[in-house]
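Asks: Predicted model and sequence below, questions to follow.
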Amino acid sequence: MLTMDQITGLGPPHCRKPKFDHSALELQDQEINTERHQQLDMVSHNTLNLVDYVRDKAKDLGQQLVDKQDKIPESANLDKGLGSALGRLPDDVLSKIFNYHLMDNDRLSRRSDPSPMQLARVCRRWRDVAVGMAKLWCKLSFYVDDDRKEWKRSAFYYDSWLKRSQDCPLSLQLRPGYAEGGTAKLRRLVQPYMSRISSLDIVFWDDLEPEHLLTDLPAALQELTVCFGDWFDASATAQSLSQLPSTVRSLKILDRTFGPECLLSLNPVWAHLTHVEIAIRPRNVLHFLVLCPNLSSCELILGQPAFMSPRVQCMRFTHANLQSLCFICPGYFKTNPLPVLFNAITLPKLRTLEIRYGFLSSPHQELEAFLERSKCPLETLVFDAVVTPPPDQQGDFIAIIPSLKIECRLDTSSK
């Protein structure tokens, strides 16, 4: 008789033997093998793709290197061709290139870049062409060195430069600096070339003797710019300037306010000037305009004090030739002198008017009356100020002169 334990599948759970499904195990093994083969195929495919990419990339890089290597002689040949082309340029064409290269340099010095000296160092032919062009060497800025040896080298350099200018008119900028006897040194250096100076720009930085450079000026002089500090004797300065030749047409006196006595001492000079830039007190403006009947353009920096007496406020003057006028009026004045000045003057030929001021309002009504009274062909009106006229006020000016162009420049530096 069979017991219960002997019956397959019966008996207590812990005594039962598992029943294995061999077909299921074989199926599971097949799926695993298939998945592993797929993974291996994928890895092999990606590896082959990477190898192909690296091989192609290396091939491309190699081709680029070959191409660049081929271009090296091409570049060298291009440089040779360019140099050959420049070498074949006629001297007159090369001269025009040199002039264009230096056209924006008003003043040239030892350290200027570009300069004629740089052009002359390129090659022998360029040197021959540059040295033969006198106009390249007619502008020069001098500076007196404190060191004696350095000044000797500079003086030799300056003299060599000026000799190449031949007979061309000279435009010189003189900077005596703080060196002892600086003005006398510069005078001795430029003395052989004085007769050819047409434009002269001098800055006095220390208590030097300006008469060394302002006396016996050449008859060919047409433009003079001088910059003085307030510590210079104004009457002595004016006395030196009063000897200017009648050929001078432009005079700029910077950083020095001229009073009525100084204006009178220059009376022989004012009559033949056509352009002036000067610092002046508002109450002397009309007097200045009377002294300059041939003035075509001027820039007036208004200095303290701004107060004008009732007699001055009642004065009126018409200048028949002035075409360009610039008023510069600082904002630290207690009173604005511009309204009084625009009430006083009439300028029938005025074409350009520029007003630079630091006040919080513009002289609208006075300027409007000035334009109506002058009936001038004004083309440009410039406001350079902290507060410029609003559009409606600008419209009032355009209503008087429909073709008028108004420029407003906001001066943020005075705020």
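Replies: Arrived safely.

Asks: and the longest strand along the chain, which residues are buried?
Replies: Secondary structure assigned by DSSP state E gives strand 250-258 as the longest strand of the chain. Neighbour counts using 16 or more other Cβ atoms under 10 Å place S250, L251, I253, R256, T257, F258 of strand 250-258 among the buried residues. (Glycine included, C-beta is placed from N, CA and C.)

Asks: where's the dip in pLDDT among these?
Replies: When these are sorted by pLDDT, the bottom entry is R256 at 72.

Asks: That one - nearest residue in space that isn't next to it in sequence?
Replies: F228 (4.1 Å; Cβ to Cβ, 6 or more residues apart in numbering).

Asks: If you tally nearby residues, what's the number for that neighbour?
Replies: Per other Cβ atoms under 10 Å, the neighbour tally for F228 reads 18.

Asks: and the residue nearest to C292 when sequence neighbours are not counted, what does it touch?
Replies: Nearest residue to C292, sequence neighbours excluded (Cβ to Cβ, 6+ apart): W270, at 4.7 Å. By Cβ atoms under 8 Å, 6 or more residues apart in numbering, the contact set of W270 is L263, V276, F288, L291, C292.

Asks: now do L381
Replies: Each residue near L381 by Cβ under 8 Å, 6+ apart is listed here: L353, E354, F397, L404, K405, I406, E407.

Asks: Flag every buried residue along whatever helix or strand it lives in.
Replies: Element membership for L381 (DSSP states H and E) is strand 380-385. For strand 380-385, burial by neighbour count (16+ other Cβ under 10 Å) applies to L381, V382, F383, D384, A385.

Asks: which of the residues you listed lies closest to C314?
Replies: Comparing these against C314 with Cβ to Cβ places L381 closest, at 26.5 Å.

Asks: Tell me which residues are up against stretch 185-199.
Replies: By Cβ under 8 Å, 6+ apart, the residues outside stretch 185-199 that reach it are 142, 144, 151, 155, 158-159, 162, 165, 167-172, 174, 176, 179, 212-213, 216-224.

Asks: most neighbours, which of the contacts of L381?
Replies: For the contacts of L381, neighbours tallied by other Cβ under 10 Å; top is L353, 23 neighbours.

Asks: Doesn't it belong to a strand?
Replies: Yes. Counting by DSSP: H, G, I helix; E, B strand; the rest coil, one finds L353 located in a strand.

Asks: Go ahead and report the secondary structure state at Q243.
Replies: Three-state call for Q243 (three-state DSSP): coil.

Asks: If I look at E26, what pLDDT would I see?
Replies: pLDDT for E26: 57.

Asks: again, but for R373
Replies: For R373, the predicted pLDDT is 95.

Asks: That one: neighbour count?
Replies: The local packing of R373 (other Cβ under 10 Å) involves 16 other residues.

Asks: on that earlier part again, just the closest of the contacts of L381 to L302, please.
Replies: E354 (13.3 Å).

Asks: L410 and P330, how far apart?
Replies: Distance check for L410 against P330: by Cβ to Cβ, to the nearest Å, it reads 17 Å.

Asks: coming back round to it: strand partners of the longest strand of the chain, parallel vs antiparallel please.
Replies: Applying DSSP bridges, strand 250-258 is found paired with strand 223-227 (parallel), strand 275-280 (parallel).

Asks: hang on, the earlier thing: so which pair among the contacts of W270 is furthest apart in space?
Replies: So, those by Cβ to Cβ: farthest apart are L263 and V276, at 11.0 Å.

Asks: which stretches of the stretch 51-200 of the chain form helices?
Replies: Under the criterion DSSP state H, counting those that start in this stretch, helices of the stretch 51-200 of the chain are mapped to 91-101, 116-120, 124-131, 148-163, 182-190.

Asks: so can I have TSV of those showing mean pLDDT?
Replies: Formatted as TSV, the helices of the stretch 51-200 of the chain follow (pLDDT from 0 to 100):
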stretch	mean pLDDT
helix 91-101	78
helix 116-120	79
helix 124-131	84
helix 148-163	83
helix 182-190	81
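
Asks: for these, which one sits closest to S296?
Replies: Among the helices of the stretch 51-200 of the chain, if distance is taken as Cβ to Cβ, the winner is helix 91-101, at 28.2 Å.

Asks: what angle sits between that closest one and helix 124-131?
Replies: 70 degrees (axes from the mean of the first three to the mean of the last three Cα atoms, to 10 degrees).

Asks: Do you have the helices of the stretch 201-350 of the chain handy? List them.
Replies: Ranges of helices in the stretch 201-350 of the chain, per DSSP H, counting those that start in this stretch, are 211-214, 234-241, 260-265, 267-270, 285-291, 310-313, 338-344.

Asks: Next, format those as a markdown table and append mean pLDDT and distance to R88.
Replies: Formatted as a markdown table, these follow (pLDDT from 0 to 100; distance: least, Cβ to Cβ, whole Å):
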| stretch | mean pLDDT | distance to R88 |
| --- | --- | --- |
| helix 211-214 | 73 | 47 |
| helix 234-241 | 75 | 53 |
| helix 260-265 | 82 | 60 |
| helix 267-270 | 87 | 53 |
| helix 285-291 | 93 | 58 |
| helix 310-313 | 76 | 70 |
| helix 338-344 | 92 | 61 |
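
Asks: mind putting those helices in TSV, distance to Q191 included?
Replies: Compiled in TSV, the helices of the stretch 201-350 of the chain are given as follows (distance: least, Cβ to Cβ, whole Å):
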stretch	distance to Q191
helix 211-214	11
helix 234-241	17
helix 260-265	26
helix 267-270	23
helix 285-291	32
helix 310-313	45
helix 338-344	43
